[in-house]
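[1] Sequence first, then the predicted structure, then my questions.
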Amino acid sequence: MTGTTNKWMKFRIATVLAVFVILFVALTARAFQLQILSGKKLKALAARQHTQTLTLQPERGIIFDRNGEKLAATIMADSVCADPSKIENPAKAAASLAEILQVDRALLAQRLSGGKNFRWLARQIGPDQASRVQNLGIDGIYIVKEPKRFYPSGELAGHLIGFVGLDAKGLEGLELRYDRYLKGAPQNLLWTRDAKGTRLYPRAEKPETGQRQSHHLVLTIDNRIQHLVESHLKGAVKAKGAKGGFAVVMDPRTGEILALANEMGFDPNKFSATNPTLGKNKAITDVFDPGSTFKPFLVAAAIEDGIVTETDTFDCEDGRYAIADRVIREAQRKRHHMLTVREILKYSSNIGSVKIAEKLGKEKFFDYINQFGFGARTGIDLPGEVVGILRPVDKWTRVDAATIAFGQGISVTAIQLITALSSLANGGVLMKPFVVKGLMDQRGNLVQATQPTPVRRVVSPETARRIAVMLTDVVGAEDGTGKQARIANIAVAGKTGTSQKFDFSRRAYSSQRVKASFMGFFPSDNPQIAILVILDEPQRDKWGGVAAAPVFRSIGEQILNRFKTNIRETPFLEVEPPGIGMQLKLVSAPAPVAAQTDLEDEGNIPDFRGLTIREVLKKAQDRGVKVHVVGSGWAVAQKPAAGMPAPANRICTVTFGTGS
C-alpha cells in the first residue's frame, strides 16, 4: 500500500468516525430532549392517545339505624356507554338500542353520531336490559358497573334519609348533610387502545392510599319505632281527611330522635319520578302557630319567675275578654269563671292564659320564649331547618302579647316544639336534638361519636316537676282535654293544641283550616319518651284532643308493649376505655318475649328483607331453611312471610330487587 493510499484510507476512516460521532451526539441530544425536556408532555399526549378514562363514583357509606339495620346502602348497577368513533352504523345501532333502553330513537342516533369518543346512553338500568344490550354485540357499545344508592325499606324514614343524584351526590336529608363523609374518592376506569384504536382491556385505578374514604352513619333512629309512627300517622291522616301531618319521637334526656315521620310518604328509590316538594322534611322546614301546646311554656315561665303558683286563681270572664279592639274567647265557645293555674292548663283556657301573660309581662315572657329555644334553630343535624317567626318584643302590641299567650301570632317548627317540651320532661334542661349517633370507617371502627349536648337550663327541676304534674292532670282527669291520650297503667303528661291557620287571601285566621296537635311524655314521673303528633287541616274531628291525642296513645302503647318502659336498656354505642381504641358495636335493642316467639322461633321463617343474596343464604343456612332466589340486588319480599311457621320442605322464596 502506497503512502497516498494509506492517507486516503485514514481520511475515510476519520470521516466515517466523525459522521458517527455527529449522529451519536444528535441522537443523544434528541433522546435527551424527548425523555427529559419534553418527557412529561409527551407522556401525557401518549396517555390521551392510548388510554381512555371514565370516572366512576365511589360506593357511598351505609346508613344504619340504632340497631344495625340498613336504611341506605349501595349496590352495583349496569350503565350503558358508547364510543361513537367505533360505531359503523349509528342509525342501525340506535334502532336496536332504543327499544331496550326506552330512549327516543332519533335522540339516540344523534348521540351515537357525535364526534366524541365517549357518550353515556343510559344510567343504572336493570339486569335484564343490560343482558339484552350485551347480547346485541354492537362494537363501540359497552356495559360498565356503577354504584347505585338503594333504600331497602322504601318509604321508611325517606324524608329523614333523603336521596342522591346519578353523580352519587347527596341532594336531600342526611345524604346531603353528611355527603362529605358518606362519599369517598372517585375511581377511574381506564381502557388501553393500540395504534389502530382497538380497545384492548379495561382496568380499574383505585384511589391512592390516604385519599378520602367513605364512612358509615349510625343513626339514633329506631326503624321499628319509625315504622309504627309512620303507620299510625298515615292511618290518622286518612281517617281524619287531613292534608298531611308529621310526628316526632324523642328521648328527652339525651336529645336523640327515635323517629321522625312525614305524611305524605316519600320513597327515595323513586325520587326522579316524585314531586320534589314531597321530599321536604316538614318537621324542620315548615312553621305553624302552636296553639294551646304553647301554654305549658307560659305557665312554666310564670311559676319559675315567682309570678304565680299552681293554686292561684284567675277570673276567666265567662268566656269573653276584651283587649283593646279585640275580644278574646275560649275555644269551642266554652265559658269559665274562676280557674286555678292548674285548671287553666287542664281546660286549656285562652283567657286564663292571657291573664297569666299580662301578670308576667311581655318582656319576661319574650325572654322565656327565647330560653325555650323558639325563634332560633335547634341545631339538629339535618339540612333546611328554619328559625320560625318570633317578632321582637318591642314590636308587640297588647293584643300580640295576649294572642301569643295561647299560641297564635308566633310560628314554630315541630322540632322546636318537641325539644322545648323535652326540656320540661328533662328537669328543666334543654337538650340539643340529633339524629346521627356515630360515624364508622370501612373497618367498623368508631371515628366520631355524638354525645348528648345540654344547651342550657331553662327552668328549675322543681318548676319542671310542677308542670309535669299539671300536664298529667290534663290527660288523667275525666274532664281534661287530653284524656284520649291515656295509656293503661302509666302516667302520661301532655297537652292538646288546635291552631288556626292564617288565610292570606282574607288576611285573617281561618276557623276551618287548622292544625290539630298533641304533645306529651311518659312516664310523667320519670320521662323516657316524648312524642309530638300534628295533623294538618283535618276535615273530621278538628280538635287536637280528639284528632291527634289518639295517635299519641297508639304510638305510646306500641312502644311500651315492645320495649317495656325503657328503650335504652342496651346502648348501641359502646366505647372502650381510652388507650384501647374506640369500637362501634351495633347492638339490637332487646325485643320482648312475645316478639321473639313470633319471629325468632327456630321453627319460623326468619326476616330476610333488606339483606344481600349472600347474607340471606348465610342466615338461611344457620336456621336450616332452603332459599329459592328470584332476581338480584337486595331482598324486598319473601314467601312465607317473616315469623310464619316454616313449611314441611322448609323452602322460602326470596325476591330481590334493585330499588328501581
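    Structure received.

[2] longest strand of the protein?
    For the chain, the longest strand by residue count, based on DSSP state E, is strand 508-522.

[3] Could you look up the next helix or strand downstream of that one?
    Of the helices and strands lying after strand 508-522 in sequence (DSSP states H and E), the nearest is strand 529-536.

[4] who touches the following helix or strand past that following strand?
    Moving toward the C-terminus from strand 529-536, the next helix or strand (DSSP H and E) is helix 544-547. For helix 544-547, contacts defined as Cβ atoms under 8 Å, 6 or more residues apart in numbering pick out 236, 240, 242, 291-293, 481-485, 496-498, 516-518, 535, 538, 540-541. Yep, even glycine has a C-beta here, placed from its N, CA and C like the rest.

[5] and if we set it to 6 Å?
    240, 481-482, 484, 496-498, 516-518, 535, 538, 541 (Cβ atoms under 6 Å, 6 or more residues apart in numbering).

[6] Just give me the closest of these to Ala324.
    Thr498 (24.1 Å; Cβ to Cβ).

[7] what's around that closest one, how many residues?
    25 (other Cβ atoms under 10 Å).

[8] I figured Glu172 hits Gly279, correct?
    Yes: under the criterion of Cβ atoms under 6 Å, Glu172 makes contact with Gly279 at 5.0 Å.

[9] which of these two has more neighbours?
    Glu172 (25 against 18).

[10] need the contact list for the more buried one.
    Residues near Glu172 by Cβ under 6 Å, 6+ apart: 162-163, 279.

[11] Quick one: mean pLDDT for stretch 420-431?
    For stretch 420-431, the mean per-residue pLDDT is 97.

[12] which residues touch that stretch?
    With Cβ under 6 Å, 6+ apart as the criterion, stretch 420-431 contacts 250, 252-253, 255, 372-373, 454-461, 464, 467, 519, 521, 527, 530.

[13] Narrow the residues you listed to those that are buried.
    250, 252-253, 255, 372-373, 455, 458-459, 464, 467, 519, 521, 527, 530 (16 or more other Cβ atoms under 10 Å).

[14] can you map out the helices along the stretch 401-550 of the chain?
    In the stretch 401-550 of the chain, the segments counted as helices under DSSP state H, counting those that start in this stretch are 414-425, 461-476, 544-547, 549-563.

[15] Tabulate these (JSON lines), appending distance to Asn223.
    Listed next are the helices of the stretch 401-550 of the chain as JSON lines, based on distance: least, Cβ to Cβ, whole Å:
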{"stretch": "helix 414-425", "distance to Asn223": "19"}
{"stretch": "helix 461-476", "distance to Asn223": "28"}
{"stretch": "helix 544-547", "distance to Asn223": "27"}
{"stretch": "helix 549-563", "distance to Asn223": "12"}
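
[16] Flag every buried residue along stretch 365-375.
    Buried-residue list, stretch 365-375, by 16+ other Cβ under 10 Å: 365-366, 368-369, 371-375.

[17] I meant stretch 307-323, not that one.
    Result for stretch 307-323 [16+ other Cβ under 10 Å]: buried residues 307-308, 310, 312, 314, 316-317, 319, 321, 323.

[18] Now intersect those with the strands, please.
    314, 321, 323.
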